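Engineer: with the sequence up front, the predicted model follows.
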Amino acid sequence: MILKLAKTGNVMVAGDLYHYPEERTTHNVPTFEYNKEQSLASRAMIEDYIKKNHTQMWRGHDFTGSMRLKKSPEYYE
């Protein structure tokens, strides 16, 4: 899901695209993925989109990254 926020800019909520934050730089795919090649191709397409559209990626399984995000009552605009 991609949100286009007036002040924050583009934000992608990536869900299960990456299961662990380090996968984004190591290009590792967990053994439980159904199709490793398809997962890598999808990730490459998404990374290209992020660069071209200046988009932040928020990952659901990134505990450390999630801790840096604003929490209620703060919010993103």
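Structural biologist: Great, that's in hand. Residues are numbered from 1 along each chain as shown.
Engineer: in the helix ranked longest in the chain, what counts as buried?
Structural biologist: Using DSSP state H to define each element, the chain has its longest helix at helix 36-53. Of the residues in helix 36-53, 39, 43, 46, 50 count as buried by neighbour count, 16 or more other CB atoms under 10 Å. The way it works is simple: take the backbone N, C-alpha and C, and place the C-beta from them, glycine included.
Engineer: ok, now stretch 61-77?
Structural biologist: Result for stretch 61-77 [16+ other CB under 10 Å]: buried residues Asp62.
Engineer: returning to what we had before: helix or strand right after the longest helix of the chain?
Structural biologist: Counting by DSSP states H and E, the element after helix 36-53 in chain order, helix or strand, is strand 55-59.
Engineer: how far away is Tyr20 from Lys7?
Structural biologist: As defined by CB to CB, to the nearest Å, Tyr20 lies at a distance of 30 Å from Lys7.
Engineer: compare these two (neighbour count), which wins?
Structural biologist: Tyr20 (13 against 6; other CB atoms under 10 Å).
Engineer: residues contacting the more buried one?
Structural biologist: Counting by CB atoms under 8 Å, 6 or more residues apart in numbering, Tyr20 touches 30, 61.
Engineer: give me phi/psi at it?
Structural biologist: Per-residue torsions, Tyr20: phi -130, psi 140 (degrees, to the nearest 10).
Engineer: quick one: it and Lys52, what's the gap?
Structural biologist: Tyr20 is 25 Å from Lys52, where distance means CB to CB.
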